[in-house]
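Novice: Predicted coordinates and the sequence they were generated for:
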Amino acid sequence: MAKTGGVAWLAVVGLLVAIAAAGGWGYLKEWKGRTISQGTQLVEEQLVEGFPQIPVMPGATLVGSGKGGEGDGMRYSARWETMERVPGVMQWYKQELVKFGWVVSILPADLMAEEIQLLTVEKAGESMYLSVIRKAGADKTEIVAEFPALYVSDEEKEE
């Protein structure tokens, strides 16, 4: 069930806006397809190995993806670009994620917002934050999918 009010909802929305404004999680500092000092693997134009399966909007172009973490779980992030407008992109993802078994836990505050919309979904105990952003004057919309911590079993780590 979607949360529609309260302090917790505002705190989560504020956190997601801060993440989006900063360009993603702190562990993903660049999209350069190389390893940075923290051991985070960054890849351009393809999803990093192990990235969770999610639907990708037709016509969207993958810009890059990354993963990092160990002790508290693996974190993943990916960014696509599309020419579509923010409301249309978010509407498509809301419908398609549900088809893939995701449950919407936090809806965008304004489904008609043209600059930024944030969505939180959950599946099998894991969360994904979806940010859809079009900066003022930009001709493309960014789609950012972030998984804060996906726990990897010891068997998967050895592979």
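Specialist: Looks like it came in fine.
Novice: State the helix or strand in which residue 129 lies.
Specialist: strand 126-133 (DSSP states H and E).
Novice: mind listing what's buried in that strand?
Specialist: 127, 128, 129, 130, 131, 132, 133 (16 or more other CB atoms under 10 Å). Where you see a C-beta, it was placed from the backbone N, CA and C, and this is true even at glycine.
Novice: Name all residues that make contact with the third one.
Specialist: Going by CB atoms under 8 Å, 6 or more residues apart in numbering, residue 129 touches 16, 19, 118, 119, 120, 144, 145, 146, 147, 148.
Novice: ditto for the last one
Specialist: In this structure, residue 133 makes contact with 20, 86, 115, 116, 141, 142, 144, judged by CB under 8 Å, 6+ apart.
Novice: Next one: it from residue 103, what distance?
Specialist: Going from residue 133 to residue 103 by CB to CB, to the nearest Å gives 23 Å.
Novice: sorry, back to before: as a markdown table, the buried residues of strand 126-133 with pLDDT and distance to residue 51 would be great.
Specialist: Below are the buried residues of strand 126-133 laid out as a markdown table (pLDDT from 0 to 100; distance: CB to CB, whole Å):
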| residue | pLDDT | distance to residue 51 |
| --- | --- | --- |
| 127 | 94 | 15 |
| 128 | 96 | 11 |
| 129 | 97 | 14 |
| 130 | 97 | 14 |
| 131 | 97 | 16 |
| 132 | 98 | 18 |
| 133 | 97 | 20 |
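Novice: what's the closest of those to residue 52?
Specialist: Distance to residue 52, by CB to CB, is smallest for residue 128 among the buried residues of strand 126-133, at 7.3 Å.
Novice: which residues in this structure form strands?
Specialist: 41-44, 61-68, 74-82, 103-106, 116-123, 126-133, 141-150 (DSSP state E).
Novice: Strand partners (parallel or antiparallel) of the strand holding residue 129?
Specialist: Partners of strand 126-133 in the sheet, by DSSP bridges, are strand 116-123 (antiparallel), strand 141-150 (antiparallel).
Novice: For the longest one, give me every contacting residue.
Specialist: In other words, strand 141-150. Contacts for strand 141-150 (CB under 8 Å, 6+ apart): 19-20, 24-25, 52, 54, 57, 60, 63, 69, 72-86, 89, 93, 126-134.
Novice: Which among these count as buried?
Specialist: If we count by 16+ other CB under 10 Å, the contacts of strand 141-150 have these buried: 19-20, 24-25, 54, 57, 60, 63, 69, 74-82, 84, 86, 89, 93, 127-134.
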